[in-house]
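S.K.: Give me coordinates for this.
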Amino acid sequence: MDYKCKMSIIGDENVGKTSIILRYLNNTFTNQYITTLGADFVDKVYFKSDLPSLNPEDSLTVTIWDLGGQKSFQEISTLYCEGSAGIMIVFDVSNVETFNSVPNWIDFAKNCCPKAQLVLIGNKSDLESTIDADKIRNLEKEIGSKVYFSSAKVSLTNKLSNINNIFENMAENLLKISR
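M.R.: Have a look, this model is predicted:
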C-alpha cells in the first residue's frame, strides 16, 4: 500500500527551515540565503529500508511544505498548512526572539491543524544558545513534546545535525496516523 500525508515546516524567517530540508533531502548546505516567498514543497518517499515499520511492499510519501516565516505571508500560510498531519516548528537557538515566537507558531499550528503532530526544533545548534534551558524544558512540558536540536550547517553524519533522526521520527508518527 502507498501511504500519503502532508507535513509543514514553520517558524520565523531566517531560522533555517529551508536549510533543514535541503540538508535532509540532499545533504547540502549553502550560505547563500534565499528567502522562501510564500511556500515551497517537495515529496520524500520512504520505503522499508528507511522506516522499519513499513511492510516491504509499502511506501510512505510525505509532502513537505516549507512555509515562509515573514509576517506578511502568515495569512496565506494558513492555506498551505491546512491538512498537515505533522508540523515542525523551528526556532534559532542563537536568537531568543525566534524562541519567543514559538507560542504564536504553536497557536497557528493548532488553529490550522488541530490534530497534527507537533515537533519543535531548535536549529543552529552549532552556535551558542541564547535561550535559557529552563524555558525550553517548560515549553516541552507545556506542549507535551520534546524539543529537538539540530544544525543544518553540519553534515548528516555529525551528531549535531540530528536532522535524519527528526524527520524519520516524524515519518514514523505520520505512518501510524496514515494507517
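S.K.: quick one, helices of the chain?
M.R.: Remark: helices assigned in the chain by DSSP state H are 17-26, 74-81, 96-100, 102-112, 133-143, 163-178.
S.K.: so of the ones you listed, which one's packed in deepest?
M.R.: helix 17-26 (a mean of 20; mean count of other C-beta atoms under 10 Å). No exception for glycine: its C-beta is placed from N, CA and C like everyone else's.
S.K.: Check which helices and strands it is in contact with.
M.R.: strand 2-11, strand 39-46, strand 59-67, strand 86-92, strand 117-123, helix 163-178 (3 or more C-beta pairs under 8 Å, 6 or more residues apart in numbering; DSSP states H and E).
S.K.: One more pass at 6 Å, please.
M.R.: In this structure, helix 17-26 makes packing contacts with strand 59-67, helix 163-178, judged by 3 or more C-beta pairs under 6 Å, 6 or more residues apart in numbering; DSSP states H and E.
S.K.: how far away is the most centrally placed residue in the chain from A109?
M.R.: The structure's the chain has its C-alpha centroid closest to M88; by C-alpha atoms, centre = their mean the separation is 3.0 Å. To A109, M88 is 9 Å away according to C-beta to C-beta, to the nearest Å.
S.K.: same thing with Y148?
M.R.: 16 Å.
S.K.: M170 now?
M.R.: Applying C-beta to C-beta, the value for M170 to A109 is 13 Å.
S.K.: what does the model give T98 for pLDDT?
M.R.: pLDDT for T98: 97.
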